[in-house]
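> Fold the following and give me the result.
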Amino acid sequence: MYSAPSVHYINAREKNAAPELGLHLKNILSSCSSGSLPPVILCIGTDRVTGDSLGPLVGTFLQAYDIRHPPVYGTLQLPVHALNLKSALNQVKKKHPHNLIIAVDASFGSKKHLGYITLGKGSLQPGAGVQKKLTSVGDIFITGIVSPQAQASQLALQNTRLSAVMSLSCCIAQGISYACDAVVSDRTPVPELLQQCL
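Residues are numbered from 1 along each chain as shown. So this is what the prediction gives:
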């Protein structure tokens, strides 16, 4: 049986970051009981705030892959955020009642972990970094640490560099696609869109 640390920290600036994320995620998925059902990828955030756009960017990049699985919710065109999270969850549960949910969101962290990706079993709490109380989501979580924790959290998100968020988003999308596509067909396509932004 796969025995993982509670949280994996992966430096997105390292060359092997995406395969490392994919390998850890694949192992976690294999250890969870969901049969042959693909996980649902729930990407949380809004394109109206740079630092909080990580989730919708990941969802958009995942849709660039030429695969039907896994189902993706939350893109730049149709973001999942504080105002529609509850209805999005209801939709996911209705359409995919037995699938695992991988929740993806931006997060704050220590300065030494800026630019890192976290991965682990369990749910995440969207909006916690900006003092919003939203429903916990996910069976597995992935976050991109876009900013150090600060008192003015919302301002910090607004001042996050887009290039940093793009790099994290691309890495996360590649890692998810590696893990989930490997589960479906053992191939790892890398769309030109993602090659260009890494």
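> Is Leu29 part of a helix or strand, or is it coil?
Assigned with DSSP: H, G, I helix; E, B strand; the rest coil, Leu29 falls in the helix class.
> Sort out which residues of the top helix by length along the chain are buried, please.
Across the chain, the longest stretch assigned as helix under DSSP state H is helix 162-185. Residues of helix 162-185 classed as buried: 164-183 (neighbour count, 16 or more other C-beta atoms under 10 Å). C-beta here means a position set from N, CA and C on the backbone, and glycine is covered the same way.
> Contacts for stretch 56-70, please.
38-41, 43, 45-47, 72-77, 79-80, 102, 104, 165-166, 169-170, 172-173, 176-177, 180-181, 184-185, 189, 191, 193-194, 197 (C-beta atoms under 8 Å, 6 or more residues apart in numbering).
> whoops, I mixed them up, stretch 166-174
So stretch 166-174 is contacted by 12-13, 17-18, 21-22, 53-54, 57-58, 61-62, 64-65, 104, 115, 117, 142, 144-146, 190, 194, 197-198 (C-beta under 8 Å, 6+ apart).
> What's opposite the residue positioned nearest the centre of the chain in the beta bridge?
The residue lying closest to the centre of the chain (C-alpha atoms, centre = their mean) is Val104, at 2.7 Å. With DSSP bridges as the criterion, Val104 is bridged to Cys43, Ile142.
> correct me, but it touches Gly55?
Yes - the pair Val104 / Gly55 is scored as a contact, 5.2 Å apart, by C-beta atoms under 8 Å.
> give the contact list for the residue nearest to the centre of the chain.
41-44, 54-55, 58-59, 74, 141-144, 172, 176.
> Separate out the buried members of those residues.
41-44, 54-55, 58-59, 74, 141-144, 172, 176.
> ok so, going back, among the contacts of stretch 166-174, which ones are buried?
12, 17-18, 21-22, 53-54, 57-58, 61-62, 65, 104, 115, 117, 142, 144-146, 194.
> pLDDT below threshold where in the chain?
Within the chain, the segments meeting pLDDT under 70 span 1-5, 33-35, 66-69, 127-133, 150-154, 182-198.
> rerun at 50
1-3, 184-190, 198 (pLDDT under 50).
> Where do the strands of it begin and end?
8-11, 40-43, 72-73, 101-109, 116-121, 140-148 (DSSP state E).
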